[in-house]
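Asker: Next comes the sequence, and after it the predicted model I'd like to discuss.
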Amino acid sequence: MSSDFEGYEQDFAVLTAEITSKIARVPRLPPDEKKQMVANVEKQLEEAKELLEQMDLEVREIPPQSRGMYNNRMRSYKQEMGKLETDFKRSRIAYSDEVRNELLGDDGNSSENQRAHLLDNTERLERSSRRLEAGYQIAVETEQIGQEMLENLSHDREKIQRARERLRETDSNLGKSSRILTGMLRRGCSAEKQFNLSLVPKG
């Protein structure tokens with residue numbers, strides 16, 4: 001079992017060494033050779049992943065008491081694989097930028113111009129965002145003021161209605177008082193007439 005693992009291990013070491021060398025050469029190659037080299041590295045990376053999978057299967061077959069050392073080696077190989085993929089990705093990004101510049105006829109200043117243009121657009125977006133936030137805040141404050149005014153008007157309307165009701169009650173009470181007084185006066189006048197008539201001598 002360990003001999004199979006060690007065989008895969010040796011193949012992985014040779015393959016990763018070749019990949020490392022090719023990744024380092026990519027930026028310095030002419031465009032046609034770069035494209036071919038990138039495709040070749042992609043294929044070898046897939047082969048390296050397959051070797052890791054085979055090694056991982058072999059480790060699972062090893063008795064638990066002897067598996068610790070192999071697990072440590074697998075972690076190291078997986079970390080190395082991750083580093084290779086990161087380096088290759090960076091190399092591909094540089095390659096893509098160079099191809100794009102060659103196709104568009106850009107020089108080194110193009111990236112700087114694009115960066116400056118991007119920063120300018122970002123600043124414009126930030127200013128627009130701040131203006132929108134300020135406008136929204138004004139709208140919110142205006143709505144709050146309008147709501148307060150409506151509430152105040154509603155309270156004033158209620159006060160006016162209560163005052164009208166009290167005024168109607170006062171008018172009603174005054175009318176009742178007036179009728180009572182009129183009745184009292186009439187009764188007083190009638191009594192006075194009867195009293196005066198009683199004082200007149202009878203013939």
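Answerer: Arrived safely, thanks for sending.
Asker: just for this protein, where's the confidence low?
Answerer: For the chain, applying pLDDT under 70 flags the ranges 1-2, 94-121, 123-129, 131-136, 139-140, 142, 146, 149-150, 191-193, 195-203.
Asker: Which parts of it are helices?
Answerer: Along the chain, counting by DSSP state H, helices occupy 2-25, 31-61, 64-104, 108-199.
Asker: Just the buried residues of the second one, please?
Answerer: Of the residues in helix 31-61, those with enough neighbours to count as buried (16 or more other Cβ atoms under 10 Å) are 34, 37-38, 41, 44-45, 48, 51-52, 54-56, 58-59. The C-beta positions use only the backbone N, C-alpha and C, and glycine is treated the same way.
Asker: between those residues, which is closest to Asp11?
Answerer: Nearest to Asp11 among those, counting by Cβ to Cβ, is Leu51 at 5.7 Å.
Asker: close enough to count as contact, that closest one and Tyr8?
Answerer: Yes - Leu51 lies in contact with Tyr8 (Cβ atoms under 8 Å); the separation is 5.4 Å.
Asker: residues touching the closest residue to Phe12 other than its chain neighbours, list them.
Answerer: Excluding its sequence neighbours, the residue lying closest to Phe12 (Cβ to Cβ, 6 or more residues apart in numbering) is Leu51, at 4.6 Å. When contacts are counted by Cβ atoms under 8 Å, 6 or more residues apart in numbering, Leu51 touches 8, 11-12, 15.
Asker: and those residues, which are buried?
Answerer: 8, 12, 15.
Asker: From Asn152, how far off is the first one?
Answerer: Computed as Cβ to Cβ, to the nearest Å, the Tyr8 to Asn152 distance reads 84 Å.
Asker: With the second one instead?
Answerer: For Phe12, the distance to Asn152 (Cβ to Cβ) stands at 81 Å.
Asker: Repeat that for the last one.
Answerer: Leu15 sits 82 Å away from Asn152 when distances are taken as Cβ to Cβ.
Asker: for Leu29, phi and psi?
Answerer: phi -90, psi 160 (degrees, to the nearest 10).
Asker: Contacts only, for the closest residue to it other than its chain neighbours.
Answerer: Spatially, and ignoring its direct neighbours in sequence, Leu29 is nearest to Met37 (5.8 Å; Cβ to Cβ, 6+ apart). Going by Cβ under 8 Å, 6+ apart, Met37 touches 22, 25-26, 29.
Asker: 6 Å instead?
Answerer: Contacts for Met37 (Cβ atoms under 6 Å, 6 or more residues apart in numbering) come out as 22, 26, 29.
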